[in-house]
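1. I need the structure of the sequence given here:
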Amino acid sequence: MKQNKNNTYPIDVDKAWNILYAKLENDRLLPDETAVSSQQKRKLYLQWTAVAATVCIGIILSVFYFSQSKEHSLLVLQNKEKSGTLVTTLSDGSVVYLAPEASITCPSVFAENQRKVELNGNALFSVTKNEKRPFVITTNENITIEVVGTIFAVQSSHGNPFALSVKQGKVNVRSGENSTAVPVEAGETVQLNTGKLSKSGIINPQIFSYFTDKMSFKDEKLYRIVHAINTIQSSPVIVTDKSVNNRTLTVTFENNSVETMAELICMALNLEQINKQDTIYIKQFSK
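-> Numbering: from 1, shown residues only. Reported below is the predicted structural model:
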């Protein structure tokens, strides 16, 4: 695939569809045509066309970068896209939404007494609560963020002053090695100005949705995708069949409702979606 002068990549849609269709057929993820009526076939065709566009774009345009450092115990995760968030789940179940050109470095498996992450750029964190294993983030500005379990957004990109906004829970922020920790609670923001941390109410209430309006998952397991969706949505999604939890998917969701995200997942993995009140259940088709 060649890059043109405008730094865009032309997409061969037919070729992409053929590749996706062949993969789905090989993995037996396409519905059995003998059991589908002509009207259902037309509906399925339209649905598969929609999901193919989403999944193919995620496969073809994805230039997200996963690599391991020279020390095999460390994992580097980087979002090299110009737009959209790369979502990944860490070994402890915490979810990280990496903004464009942001990266984190962390152990492939956290230590027993601490979970330590290095952040470069902007990210949204949803940290799994574990009082015996505090979650510690360090940034390029010599900022240390200490967490037990909470949801917060961090701005630590080059050329912008450090800022942290808390959506849920409480975070302690330090500037420098020996400074006093500044506690930041839900609804508050802390900023670094002239070397000092100052607190205020959240200035930009849209800071959290910025990380979740366009989310990309690359070769991510189903249960982790569902966990990331549930972190930011009020309507929970539940996978009832544990046997499908480890199925993987590369997909991009852009301004989709939780119902639409669940529907796209089910179509891509040949699963069934059942809506009951405020809960969405994902399961295998009944035989």
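
2. show residues contacting stretch 141-152.
-> 124-131, 134-139, 154, 156, 162, 164-177, 181, 184, 186, 192, 208, 231 (CB atoms under 8 Å, 6 or more residues apart in numbering). (C-beta placed from N, C-alpha, C; glycine too.)

3. any of those residues buried? List them.
-> The neighbour-count test (16 or more other CB atoms under 10 Å) marks 124-128, 130, 134-135, 137-139, 154, 156, 162, 164-167, 169-175, 184, 192, 208, 231 as buried among the contacts of stretch 141-152.

4. number of nearby residues for the closest residue to residue 99 other than its chain neighbours?
-> Nearest residue to residue 99 in three dimensions, chain neighbours excluded: residue 122, at 3.8 Å (CB to CB, 6 or more residues apart in numbering). Using other CB atoms under 10 Å, residue 122 is surrounded by 23 other residues.

5. run through the residues that contact residue 122.
-> Contact analysis of residue 122 by CB under 8 Å, 6+ apart lists 99, 102, 153, 154, 155, 156, 157, 211.

6. which residues in this structure form helices?
-> In the chain, the helices defined using DSSP state H lie at 13-26, 38-61, 207-210, 222-232, 258-269.

7. on that earlier part again, let me know the distance separating the residue nearest to residue 99 from residue 174.
-> To residue 174, residue 122 is 19 Å away according to CB to CB, to the nearest Å.

8. and for residue 222?
-> 38 Å.

9. please apply the same query to residue 158.
-> Counting by CB to CB, the gap from residue 158 to residue 174 is 21 Å.

10. please apply the same query to residue 83.
-> For residue 83, the distance to residue 174 - CB to CB - is 32 Å.

11. ok, residue 256 next?
-> 38 Å.

12. again, but for residue 159
-> On the measure of CB to CB, residue 159 and residue 174 end up 22 Å apart.

13. re the thing from before, CSV for the contacts of residue 122, including distance to residue 115 and pLDDT?
-> Below are these laid out as CSV (distance: CB to CB, whole Å; pLDDT from 0 to 100):
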residue, distance to residue 115, pLDDT
99, 21, 95
102, 18, 95
153, 18, 95
154, 15, 95
155, 21, 93
156, 18, 91
157, 23, 87
211, 20, 93
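
14. whichever of these end up buried, select them in PyMOL.
-> Buried residues among the contacts of residue 122 (16+ other CB under 10 Å), as a PyMOL selection:
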select buried, resi 99+102+153+154+155+156+157+211
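
15. please tabulate the contacts of residue 122 in CSV, including the columns distance to residue 113.
-> Below are the contacts of residue 122 laid out as CSV (distance: CB to CB, whole Å):
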residue, distance to residue 113
99, 29
102, 27
153, 26
154, 23
155, 29
156, 25
157, 30
211, 29
